[in-house]
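J.: structure, please.
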Amino acid sequence: MGAFWVGERVRLRGVEPGDWGVFMRLAEEEELSGDLVQVPRSAERFRAWAGEEAGASGDGDRFRLVVEDVVTGDAVGSLGVNRADPRSGSFEYGVTIGDGHRRKGYAAEAVVLLLRYMFDERRYHKAEARVFAHNEPSLALQRQLGFVEEGRLRDHMFHSGRHHDLVLLGMLDREFANRHR
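T.: Residues are numbered from 1 along each chain as shown. Below you'll find the predicted structure:
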């Protein structure tokens with residue numbers, strides 16, 4: 001793995017079959033925070049998913065990566081490109097950092113590494129993120145990185161017994177270059 005995927009705090013790497021426990025923990029934490037309620041999944045289902053993800057060829061534009069602490073080697077979260085449209089030059093990403101590792105700079109550094117790859121290597125023009133309106137820490141992260149709120153989908157997502165607004169944010173490649181070079 002080249003230095004391109006390594007920052008001061010984090011290393012981004014592909015999913016390995018043994019990472020199933022990390023993704024199971026992240027899913028449990030997501031549910032406890034009230035961000036997403038899903039049908040319980042077995043440890044075996046997480047094992048199978050991680051095995052499939054580790055063996056997936058990937059298309060270069062949609063993928064999932066593990067965020068590791070560069071010093072300890074501990075997996076602290078994940079991020080990935082969920083949707084990519086080469087024709088329009090836009091992609092949507094998401095990042096999740098485990099409870100015990102938040103507010104330490106992991107997410108910001110991981111996202112900058114990802115954006116640098118998508119803008120500089122894959123030549124995309126626009127990054128997009130969708131964040132629940134009540135998730136102030138995530139909204140603050142996006143704004144800190146230079147994302148601009150482009151819209152709000154009212155009562156768009158239903159979870160935890162009620163509807164929630166979804167905030168749409170975007171950043172253009174030139175905005176990234178001006179801010180993160």
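J.: isn't residue 113 up against residue 12?
T.: Yes - because the distance of 5.7 Å satisfies C-beta atoms under 8 Å, residue 113 is recorded as touching residue 12. Placement of C-beta: from N, CA and C, glycine included.
J.: what do these two both touch?
T.: Common neighbours of residue 113 and residue 12, counting by C-beta atoms under 8 Å, 6 or more residues apart in numbering, are residue 5.
J.: shaky segments in the chain?
T.: 1-2, 33-37, 58-59 (pLDDT under 70).
J.: give me phi/psi at the residue in the chain sticking out farthest from the centre?
T.: Distance from the C-alpha centroid of the chain, by C-alpha atoms, centre = their mean, peaks at residue 161 (24.9 Å). Per-residue torsions, residue 161: phi 80, psi 10 (degrees, to the nearest 10).
J.: from residue 130, how far off is it?
T.: 21 Å (C-beta to C-beta, to the nearest Å).
J.: can you check residue 165 too?
T.: From residue 165 to residue 130 the distance is 11 Å (C-beta to C-beta).
J.: more neighbours, these two?
T.: residue 130 (18 against 14; other C-beta atoms under 10 Å).
J.: the more buried one in helix, strand or coil?
T.: Under DSSP: H, G, I helix; E, B strand; the rest coil, residue 130 falls in the strand class.
J.: now do the contacts for the nearest residue to it once chain neighbours are set aside.
T.: Closest residue in space to residue 130, ignoring its immediate chain neighbours: residue 166 at 5.5 Å, by C-beta to C-beta, 6 or more residues apart in numbering. Applying C-beta under 8 Å, 6+ apart to residue 166 gives the contacts 130, 131, 132, 133, 152, 153, 156, 157.
J.: which parts of this protein are helices?
T.: Applying DSSP state H to the chain gives helices spanning 20-32, 43-55, 106-116, 136-145, 173-180.
J.: and the ones you listed, which is most packed in?
T.: helix 106-116 (a mean of 21; mean count of other C-beta atoms under 10 Å).
J.: now that helix against helix 173-180, angle please.
T.: 130 degrees (axes from the mean of the first three to the mean of the last three C-alpha atoms, to 10 degrees).
J.: got the contact list for helix 106-116?
T.: 4-5, 7-10, 12, 65, 67, 69, 76-77, 79, 81, 93, 95, 97, 127, 141, 144-145, 171, 176, 180.
J.: alpha carbons only: can I get it in PDB?
T.: Output of helix 106-116 as PDB, limited to C-alpha atoms (Å, rounded to 0.1, in the frame of the first residue of the first chain):
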ATOM      1  CA  TYR A 106      -9.800  10.500  12.000                       C
ATOM      2  CA  ALA A 107     -12.900  11.300   9.900                       C
ATOM      3  CA  ALA A 108     -11.600  14.600   8.500                       C
ATOM      4  CA  GLU A 109      -8.200  13.100   7.500                       C
ATOM      5  CA  ALA A 110      -9.800  10.000   6.000                       C
ATOM      6  CA  VAL A 111     -12.300  12.100   4.000                       C
ATOM      7  CA  VAL A 112      -9.500  14.400   2.600                       C
ATOM      8  CA  LEU A 113      -7.600  11.300   1.500                       C
ATOM      9  CA  LEU A 114     -10.700   9.900  -0.200                       C
ATOM     10  CA  LEU A 115     -11.600  13.300  -1.900                       C
ATOM     11  CA  ARG A 116      -8.000  13.700  -3.100                       C
END
